[in-house]
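Novice: What shape does this take:
(one chain, ligands or ions: 3)
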Amino acid sequence: MNKPPKVLIVDDEPAILKAMQINLLQRGCEVLLATDGEEAVQMALKEKPDLILMDVVLPTIDGMEACHRIKSQSTGFIPVILVTVQNELKNKIAGMNHGADDYLTKPFVFEELNTRVAAMLRIKRAYDDQQTASITDALTGIYNRRYLQPRLKEECDRSLRYGQPFACLMLDLDHFKNINDKYGHPFGDEVLKQFAARLREHIRRADIFVRYGGEEFVLILPETDINEAKRVAENLRDVVQSKKFVAGAQSAAVTCSTGICIFPSAAATTFDSLLKRVDEALYEAKKSGRNCVRIAA
Ligand code: GH3
Ligand code: MG
Ligand code: MG
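Specialist: Residues are numbered from 1 along each chain as shown. Ligands and ions are numbered 1, 2, ... in the order given. You can find the predicted model right below:
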């Protein structure tokens, strides 16, 4: 089931705030309240609401300025409807030029407000679905490579800042071409799907699991040292080899090879060297006969 939409209402008039809050709660929204422009900007950053209903005349910074700030940072994708007594055409144009997505004048009829809210939430949901699809691998449902790059950079920065190393694993199915050749591509697809599902069952929620390429996967284990990473990798190796992959009448035993690199470590001191080192470790595992784990030198 979809989560209820989160709507931030910004108004310095308690009676209006209350009336709008009750109305949106009745329509199944989660409601957040702010009473000045500065608070609205901070709350948008912290809570990432799905929609903001903003009064224009407000203490601290006004609604136009708050809207402009919200639209010019990481919160820029949140739709904003300005709700105000300023009903002249020039006010509406100014509002839209400050980045507002819609403009409603007070006094308003709730039916109109609700229709506009519903329209904005439709657009926001479509945007969210698109965002999710763009970082998801269609076959396995786990993250794709597009997600990895910025996320890995973030992990590296965090780990350097807090002196908390993490482990990066690269797993590659062994002789996977043979699986396709012998059983056909659809069965190969099924193996990849089940491989991802099986591993997902054996990793932690905080771990980041990515399909890096065709039959290559990257697993980031936050706050994990080399001994723990080795233990996890050996366990996953066993999880893969211990049970055949079955689809319809076909079944096949599959193994995988794994490279590990800790960040930061003597092997990888920078973000750029990390994936290279872990790939080299994977190559060592392949050279050593496959179905094994190797650590970056
Ligand atoms: P190695 O043990 O050295 O990794 O051998 P390999 O055969 O696994 O490696 P290779 O790189 O030679 O071949 C990878 C194969 O994976 C070839 C490609 O057709 C297959 N593959 C890549 N993506 C997919 C996919 O989405 N579905 C299926 N069925 N096969 C895929
Ligand atoms: Mg392979
Ligand atoms: Mg490969």
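Novice: So which residue is smack in the middle of the protein?
Specialist: Nearest to the mean C-alpha position of the chain, by CA atoms, centre = their mean, lies residue 132 at 6.8 Å.
Novice: Okay, buried residues for the host helix or strand of it please.
Specialist: For residue 132, the host element (DSSP states H and E) is helix 110-134. Buried residues in helix 110-134, counted by 16 or more other CB atoms under 10 Å: 113, 116-117, 120-121, 124. Where C-beta positions appear, they are placed from N, C-alpha and C, glycine not excepted.
Novice: try stretch 280-296
Specialist: 280-282, 284-286, 291-296.
Novice: Quick check: bridge partners of residue 294?
Specialist: Beta-bridge pairing of residue 294 under DSSP bridges involves residue 259.
Novice: Buried residues in stretch 59-79, which are they?
Specialist: By 16+ other CB under 10 Å, the buried positions in stretch 59-79 come out as 61-71, 75, 78-79.
Novice: swap in stretch 265-281?
Specialist: 265, 267-268, 271, 273-275, 277-281.
Novice: Also stretch 206-213?
Specialist: By neighbour count on 16+ other CB under 10 Å, the buried set for stretch 206-213 is 207-212.
Novice: ok, now stretch 178-196?
Specialist: Quick answer for stretch 178-196 (16+ other CB under 10 Å): 179-180, 183, 187-188, 190-196.
Novice: as a whole number, average confidence for it?
Specialist: The average pLDDT within stretch 178-196 is 98.
Novice: picking that back up, among the buried residues of helix 110-134, find me the one that's closest to ligand 2.
Specialist: residue 124 (40.3 Å; CB to the ion).
Novice: measure the closest residue in space to the closest one that isn't next to it in sequence to ligand 2 for me?
Specialist: Closest residue to residue 124 in three dimensions, ignoring its sequence neighbours and counting by CB to CB, 6 or more residues apart in numbering: residue 50, at 4.9 Å. According to CB to the ion, to the nearest Å, residue 50 and ligand 2 sit 42 Å apart.
Novice: need the contact list for residue 50.
Specialist: Counting by CB atoms under 8 Å, 6 or more residues apart in numbering, residue 50 touches 5-7, 78-79, 121, 124-125, 128.
Novice: how close does it sit to residue 285?
Specialist: Taking CB to CB, to the nearest Å as the measure, residue 50 falls 45 Å from residue 285.
Novice: Ok, residue 139 next?
Specialist: Counting by CB to CB - residue 139 and residue 285 are separated by 24 Å.
Novice: on that earlier part again, now render the contacts of residue 50 as a markdown table, adding distance to ligand 1.
Specialist: Shown next, in a markdown table, are these (distance: CB to the nearest ligand atom, whole Å):
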| residue | distance to ligand 1 |
| --- | --- |
| 5 | 35 |
| 6 | 36 |
| 7 | 40 |
| 78 | 36 |
| 79 | 37 |
| 121 | 35 |
| 124 | 32 |
| 125 | 29 |
| 128 | 26 |
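Novice: from the residues you listed, which single one is nearest ligand 2?
Specialist: For the contacts of residue 50, the nearest to ligand 2 is residue 128 (34.2 Å; CB to the ion).
Novice: buried set for stretch 239-251?
Specialist: Buried residues in stretch 239-251, defined by neighbour count with 16+ other CB under 10 Å: 239-240, 245, 247, 250.
Novice: Just confirm yes or no for that stretch near ligand 1.
Specialist: No - between stretch 239-251 and ligand 1, judged by CB under 6 Å from any ligand atom, nothing touches; the nearest distance is 11.4 Å.
Novice: So what's the gap between that stretch and the chain middle?
Specialist: Offset of stretch 239-251 from its chain centre (CA atoms, centre = their mean, to the nearest Å): 31 Å.
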